[in-house]
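Q: need coordinates for the below:
(chains A and B)
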Amino acid sequence: MKKIEIARIPELKTSVGMQGSVKHKEVGGPVCLGALLGVALVLVGTKS
Amino acid sequence: MRFSLELAAWLKDRARRGASRVEADALTACWSDHPLFKELRTDLAAAATGDAKATWEAAERFMDRLEDVDHIVSDLIRMAAADPFFCPPLAPVVTEINTGFLLVAEPSLTIGLGVIGADALAAKKLSASGATAITFTGLVTSYRFLKAGGAVMSFWEAPEASADFSSDIGRTCRFAGRRRIEDGEALVVDGRRQSLVIEHLTSDMLCLQATVQIKGAPLAIDYDSSSLRYLGATSTDEASSRTQMMVTLLRLMDRADAMPVIAQALESPHFYTRWHVMREMLALDSEAALPSLRRMAAADPHPEVRFAAMQALSLFFEDEKEELLLCRA
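A: Numbering: from 1, shown residues only, chains lettered A, B, ... in the order given. Presented below is the predicted three-dimensional model:
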């Protein structure tokens, strides 16, 4: 079984973070209201 | 100090701790029969699965019943006054500037009630350094500003992120206005194309916020608040993000026997999930992944995935490299 080191495999030019990973430095200046609950939901989760 | 002593006494007293729990459970049972929640449950059940409009209408009806929401909050205040260690049976929503609860946490809909502190907001803005972001959540959100706190908000617009999204096309967002929000005002923000930012508060803001968690854009997008240029993207699809994590875990556990199951995730509608899964398959068992990699290189609907797949074929499979060269010739 041949394996390839994951770091050597090409990545997409458009990088997409996982849900709730909040890549940006969140709103140091302005505060995005929509993002507030989203960030909190990541912490608490929702019922499934 | 006094509070610490009271807390210590409560922690030592098993009966009191139990009583606090019983109070919270009793409140949950009471709310479960409350018309506000009962009717929402009926509305959500009646909404066909995946019906975003019906879900949004159910949220609007919930938020229109402010007297009932008042009763819920009154219950919480009464219970907290009677027992300082009463723990509300609601998920807390706490960030640097927001303190609140989730009144509703269903897979298709969340409704939060929170206070945004004017002082905390001012402190956050004063301490700002480095890049900041304007976020387009990808989801439709309804707001009821019960106490607007003298808020001044700015409004922003950007093109919707679609399934063929690429960071390569010089995306920007644009300013769409700024105005003061009044007490009692209702706003609907389509996070696929719109965003709003609190610029300033003169007092604390009390806000109900309902977010429809279905039929959103596939991505949440951040733009730089200074240059207005694209900063980054995150998935709005919890299931696909969990799939990615599970596939990575299987690769780390060296579970090549899971390849047939992993390969099913290549059918994801999200280009970033398809390529994530393929990378993990190549790392786990490249020979087994080769047929799928060939198909991706030839026919994946997203150009970046096709390009990455061709790169991988060329880099790691000598025979395929020759084939690709022949095709180009």
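
Q: need the residues that contact stretch B:155-167.
A: By CB atoms under 8 Å, 6 or more residues apart in numbering or on different chains, the residues outside stretch B:155-167 that reach it are A:13-15, B:134, B:136, B:138, B:171-179, B:192-197, B:217-219, B:221, B:223, B:230, B:233, B:269-271, B:301-304. C-beta coordinates here come from the backbone N, C-alpha and C atoms, glycine included.

Q: for stretch B:58-73, that is, sorry about that
A: So stretch B:58-73 is contacted by B:31, B:34-36, B:39-40, B:43-44, B:47, B:103-104, B:109, B:111, B:113, B:142, B:144, B:146, B:186, B:208, B:210, B:212 (CB under 8 Å, 6+ apart).

Q: ok, now stretch B:174-183?
A: B:145-148, B:150-158, B:187, B:194, B:199, B:228.

Q: pull the CA atoms of it into PDB?
A: The C-alpha trace of stretch B:174-183 is given here as PDB (Å, rounded to 0.1, in the frame of the first residue of the first chain):
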ATOM      1  CA  ARG B 174     -19.200  47.700  -0.600                       C
ATOM      2  CA  PHE B 175     -20.600  50.200   1.900                       C
ATOM      3  CA  ALA B 176     -24.400  50.400   1.600                       C
ATOM      4  CA  GLY B 177     -25.300  53.000   4.200                       C
ATOM      5  CA  ARG B 178     -25.100  54.000   7.900                       C
ATOM      6  CA  ARG B 179     -28.000  55.000  10.200                       C
ATOM      7  CA  ARG B 180     -29.200  55.000  13.800                       C
ATOM      8  CA  ILE B 181     -31.400  52.000  14.900                       C
ATOM      9  CA  GLU B 182     -34.500  52.800  16.900                       C
ATOM     10  CA  ASP B 183     -36.000  50.900  19.900                       C
END
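
Q: can you list the buried residues in that stretch?
A: Neighbour-count burial for stretch B:174-183 flags B:I181 (criterion: 16 or more other CB atoms under 10 Å in any protein chain shown).

Q: ditto for stretch B:5-20
A: Going by neighbour count (16+ other CB under 10 Å), the buried part of stretch B:5-20 is B:S20.

Q: end to end on that stretch, go ahead and measure it.
A: End-to-end distance for stretch B:5-20, by CA to CA, to the nearest Å: 17 Å.

Q: among the contacts of stretch B:155-167, which ones are buried?
A: Among those, the ones that count as buried by 16+ other CB under 10 Å are A:14, B:134, B:136, B:138, B:171, B:173, B:192-197, B:217-219, B:221, B:223, B:230, B:233, B:270-271, B:302, B:304.

Q: gap between the two ends of stretch B:204-224?
A: With CA to CA as the measure, what separates the two termini of stretch B:204-224 is 27 Å.

Q: is any residue of it near chain A?
A: Yes - against chain A, stretch B:204-224 shows contacts by CB under 8 Å from any CB of the partner chain at B:207, B:209, B:211, B:213, B:219-220, B:222.
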